[in-house]
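A.B. asks: Quick one, what's the 3D model for this:
(chains A and B)
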Amino acid sequence: MEERTRAYLRGRFRDHYRRTEITPPPAANEREWGFIPWTEGPDTTMVRHRSLLELGDLSEFLVRKRPRHVYFSAGRFRDPGASSMHEKDWQSADLVFDLDADHLPSVTLGEDSYAEMLAKCKGALGRLLEFLEDDFGFEELEIVFSGGRGYHVHVRDDGVQHLAREHRREIVDYVRGIGLEFEHLIETETVAGLGRKTPTERRTLQIEGGWGRRTHDHFMAFVDELLAMDDDDAIARLQAFDGIGEGKAKATLNAARTNREGLEAGNVTVHTAVAQLAERFASRAVERDNAPIDEPVTTDTNRLIRLPGSLHGGSGLETVRLGRGEIADFDPLVDAVPDTFHGQEIAVDITDGGPVELGGDSFTVSEGDQSLPEYVAVFLMARGRAEKEKE
Amino acid sequence: MQRLHARYPFLEAAREAVATAAVDLGTVVEREEAVVERARQRVITALEEGTTGEPHRDARIELLSYPVARVLVSLVDERVLVRKYARAEADRAHEQFVDDLESTTELKSVDSSGLDLAELLDEFDLADAVTERADGEYRIAVGTYLPLAEDLWDDEWRLVNRPLTDGEVPLEETELRTLLREAIRSRIEDGLPFDVPDAIADELEAEVEAVREVLADLELTREIDTVVPDLFPPCMKALLDDIQKGEHLPHHSRFAITAFLTSIGMTTDQIVDLYRVNAGFGEEMTRYQTDHIAGETSPTEYSPPSCATMQSYGDCVNKDDLCERIPHPMAYYEQRVDDADEDDLEDWRENEGEADGETASAE
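C.D. replies: Numbering: from 1, shown residues only, chains lettered A, B, ... in the order given. Okay, the predicted model is just below:
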């Protein structure tokens, strides 16, 4: 990036911060702050270990420093400005989740467009929120478009603030379905038995919540699919599973036809064939329902996270806080384009032409000098695909 | 009340009772042989049998022996002792309170020496986090569950295998009792070892020596303290190999191998040395991570992941017959070390030591 391009972006970031009110996170003065200035070379030199006291008033700081990237810590400290973690004296930390298009298994890098990656990320966000709201019952969530390739969720419920790294790892594994064991989803109950001489064990899938419920949902959807077929099709469908031959297929279909209620109640051990089949739906549930969050972000209780409301220096987009009801309609490539960069055209030299999706439009820019809407120009300059035209 | 305190000396009220009785530990260790003897027995039985021995008939002696036992543990200052001791005290407490909870409540009088569930939950600030349901099961808030279950290795305790709903983990009654045992263990372990004034340390010299001898005899540091890379489970061999080749490992893999090496008794320095085969391994990062995993710079000592976790991260490779029979890489290694002829075991660290020795003698 040429100096004149940096100078331009610096100036326009400052203009943006002049006209934008930034709401700091709660307990901002107990957090560590960091930022990356507009310097030459790749953006790796982070200025960190700063307390808000050192930065001064946040809005004033942003106008003065107009940084390329701004971060604050998930952790709260007794002395956030101290230079070592030990001296900082950790007190607690928000539980933070990061969904990054780069880490999504469903994303094919180099093939999916930016908009497609972000759309897949939003799908994963929906699944993540289901875990956080339904399974974990969290109430204080801050959902944020990261300004780059994904979404962040900050959980600020009191009940998680104290959790150490290894406890957070358990939460990561839960959300990703790592370590799930079908046998542990089964609950064994001793039943006195109707007319039986000896008590027997009843083994049922725990369907009240967690991965047991998800496994059961997928399993029942499949059972209902089977029930809608005629016998031959259903048997063929069942035999398509590895290890299920005609006998097991028939037994399973029979159980589905005669005892759907039992299956609905989680009684998947009515027949060994049924249990075997149900087990496969545990891995299917993980495959379909897990939220592929970036593990280190969640387990690192000292992590720095991008400040909501600030500009992302690698895209020129705004890091946007999203209300729960706003997610469905949120289009990052429209709604995260800062107003500041709307309304004028500027001249740039495109060094890396090609497709651009932004502002609800998708088009191709050719290389060379040209005049573009400022928000497109800023996006391309921030991504290193254009330079500010020489004055 | 004193009988209750004697049976559950880790209770806040017991601690206060000792404090308000203006008992000076220095005087106790100097003059009250019975207390010191019972304290010694607590610690040594914890090491040898995993329990804390027959309680003294005199409740006062029994109660006072607890703080003295903590002093002893602190003076010996071995992590393995702290762990064993806390585990034994917690196991005994668990046995006792299960008895209390199951004995008929009619017998309870004002001067009861037993605890009920509400008192226990209160003691550990769990009253708000735990609720009883109509069917006799319990629910516990997930943020409370995770720290309590952190040392329970069995996969059934992993959150992913729990029907978590609306922020609560359902628990059977016996499971709740297990978590209470863990709360006790963690309280007992908390703050151990602490600094002991010299005057008290001098009085207890003989007892400290006795505990050290038992520790040495039991080779408890060999809970495992044997480093024979040839006997490592295939997964750990592969990870170590990758590190030594200078390959960049994802965080979870690095965590797994480092936690494994820590668990078999290696110090941070030794791990750094073992990794050092490759020059670009990042000593500072290794030190930071290892100290953290070993619990030097963090409140917890991390356990290496189970086979299930290794599998889910794709770190389970080259499985052999033994792998099929064990649930945990540590179990694999323990088995292989047990199976090996002790004389044939060549500890990697001894070779390192000899090398150092040669250098020293050449000077």
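
A.B. asks: Can you show me the strands along chain B?
C.D. replies: Along chain B, the stretches classed as strands by DSSP state E are B:130-132, B:138-141, B:168-171.

A.B. asks: Could you dump these into JSON lines with mean pLDDT added?
C.D. replies: JSON lines is the format used below for the strands of chain B (pLDDT from 0 to 100):
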{"stretch": "strand B:130-132", "mean pLDDT": "95"}
{"stretch": "strand B:138-141", "mean pLDDT": "96"}
{"stretch": "strand B:168-171", "mean pLDDT": "96"}
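
A.B. asks: tell me the contacts of the residue of the stretch 251-363 of chain B found nearest chain A?
C.D. replies: Chain A sits closest to B:Ser312 of the stretch 251-363 of chain B, with a gap of 4.3 Å, by Cβ to the nearest Cβ. (Glycine included, C-beta is placed from N, CA and C.) Residues touching B:Ser312, when contacts are defined by Cβ atoms under 8 Å, 6 or more residues apart in numbering or on different chains, comprise A:Asp173, A:Ile178, A:Gly179, A:Leu180.

A.B. asks: Narrow these to those in helices?
C.D. replies: The helices in this structure, assigned by DSSP state H, contain A:Asp173 from the contacts of B:Ser312.

A.B. asks: same for chain B: which of the contacts of B:Ser312 are within range?
C.D. replies: Restricting the contacts of B:Ser312 to those near chain B by Cβ under 8 Å from any Cβ of the partner chain leaves A:Asp173, A:Ile178, A:Gly179, A:Leu180.

A.B. asks: By proximity to chain B, which residue of the stretch 51-200 of chain A wins?
C.D. replies: Proximity to chain B, evaluated over the stretch 51-200 of chain A using Cβ to the nearest Cβ, is greatest for A:Gly137 at 2.8 Å.

A.B. asks: surely B:Ala90 meets B:Leu179?
C.D. replies: No - contact status for B:Ala90 versus B:Leu179: not in contact, 11.3 Å apart, counting by Cβ atoms under 8 Å.

A.B. asks: can I assume A:Leu99 sits in a strand?
C.D. replies: Yes - per DSSP: H, G, I helix; E, B strand; the rest coil, A:Leu99 lies within a strand segment.

A.B. asks: hang on, the earlier thing: measure the residue of the stretch 51-200 of chain A closest to chain B to A:Glu166 for me?
C.D. replies: Distance of A:Gly137 to A:Glu166, computed by Cβ to Cβ, to the nearest Å: 21 Å.

A.B. asks: the more surrounded of the two?
C.D. replies: Set side by side, A:Gly137 and A:Glu166 show more neighbours around A:Glu166, with 19 against 16, by other Cβ atoms under 10 Å in any protein chain shown.

A.B. asks: nearest residue to the residue of the stretch 51-200 of chain A closest to chain B other than its sequence neighbours?
C.D. replies: The spatial neighbour of A:Gly137 that comes closest, neighbours along the chain excluded (Cβ to Cβ, 6 or more residues apart in numbering or on different chains), is B:Gly167 at 2.8 Å.

A.B. asks: How many residues are close by the one you found?
C.D. replies: If you count neighbours by other Cβ under 10 Å, B:Gly167 ends up with 22.

A.B. asks: List the residues that contact the residue of the stretch 51-200 of chain A closest to chain B.
C.D. replies: Contact partners of A:Gly137, counting by Cβ under 8 Å, 6+ apart, are B:Val142, B:Thr165, B:Asp166, B:Gly167, B:Glu168.

A.B. asks: top of these by neighbour count?
C.D. replies: In terms of neighbours by other Cβ under 10 Å, these top out with B:Val142 at 27 neighbours.

A.B. asks: hang on, isn't it packed against B:Glu168?
C.D. replies: Yes - with the criterion set as Cβ under 8 Å, B:Val142 and B:Glu168 qualify as a contacting pair; they are 6.6 Å apart.

A.B. asks: domains of chain B?
C.D. replies: Under the assignment named as automatic domain parsing, the residue ranges that make up the domains of chain B are B:2-214, B:229-362.

A.B. asks: so how far is the first one from its chain's centroid?
C.D. replies: The chain centroid and the centroid of domain B:2-214 are separated by 13 Å, computed with Cα atoms, centre = their mean, to the nearest Å.

A.B. asks: residue ranges of the helices in the stretch 151-300 of chain A, please?
C.D. replies: Counting by DSSP state H, counting those that start in this stretch, one finds helices in the stretch 151-300 of chain A at the ranges A:165-176, A:182-185, A:210-227, A:231-239, A:246-258, A:260-264, A:272-289, A:295-299.

A.B. asks: From the contact counts, what lies against the first one?
C.D. replies: It stands for helix A:165-176. Judged by 3 or more Cβ pairs under 8 Å, 6 or more residues apart in numbering or on different chains; DSSP states H and E, helix A:165-176 is in contact with strand A:95-100, helix A:295-299, helix B:142-148.

A.B. asks: can you list these in TSV and add mean pLDDT and distance to A:Asn254?
C.D. replies: Shown next, in TSV, are the helices and strands packed on helix A:165-176 (pLDDT from 0 to 100; distance: least, Cβ to Cβ, whole Å):
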stretch	mean pLDDT	distance to A:Asn254
strand A:95-100	97	43
helix A:295-299	92	44
helix B:142-148	97	40
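
A.B. asks: Relative to chain A, how far out is the closest residue to B:Glu78 other than its chain neighbours?
C.D. replies: On the basis of Cβ to Cβ, 6+ apart, the spatially nearest residue to B:Glu78 that is not a chain neighbour turns out to be B:Leu215, at 6.3 Å. Computed as Cβ to the nearest Cβ, to the nearest Å, the B:Leu215 to chain A distance reads 27 Å.

A.B. asks: burial count for B:Leu215?
C.D. replies: Using other Cβ under 10 Å, B:Leu215 has 19 other residues around it.

A.B. asks: quick one: contacts for the residue nearest in space to the middle of chain B?
C.D. replies: Centroid-nearest residue in chain B, with Cα atoms, centre = their mean: B:Arg83, separated by 3.5 Å. Residues in contact with B:Arg83 (Cβ under 8 Å, 6+ apart) are B:Glu189.

A.B. asks: can you check B:Ile326 too?
C.D. replies: Counted by Cβ under 8 Å, 6+ apart, B:Ile326 has contacts B:Cys307, B:Tyr332, B:Gln335.

A.B. asks: Format the residues you listed as a markdown table; extra columns: neighbour count and pLDDT.
C.D. replies: As requested, the contacts of B:Ile326 are arranged in a markdown table below (neighbours: other Cβ atoms under 10 Å in any protein chain shown; pLDDT from 0 to 100):
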| residue | neighbour count | pLDDT |
| --- | --- | --- |
| B:Cys307 | 22 | 85 |
| B:Tyr332 | 22 | 88 |
| B:Gln335 | 15 | 82 |
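
A.B. asks: So which of the residues you listed sit within helices?
C.D. replies: Cross-referencing these against helices under DSSP H gives B:Cys307, B:Tyr332, B:Gln335.

A.B. asks: Once you drop chain neighbours, what's closest to the first one?
C.D. replies: What it means is B:Cys307. Distance criterion Cβ to Cβ, 6+ apart; nearest residue to B:Cys307, sequence neighbours excluded, is B:Pro327 at 5.6 Å.

A.B. asks: And the one you found, what's its pLDDT?
C.D. replies: For B:Pro327, the model assigns a pLDDT of 78.

A.B. asks: again, but for B:Ser312
C.D. replies: For B:Ser312, the pLDDT comes out at 79.

A.B. asks: Up against chain A, what does the stretch 1-150 of chain B have?
C.D. replies: Applying Cβ under 8 Å from any Cβ, we find that the stretch 1-150 of chain B lies next to chain A at B:Ala141, B:Val142, B:Gly143, B:Thr144, B:Leu146, B:Pro147, B:Glu150.
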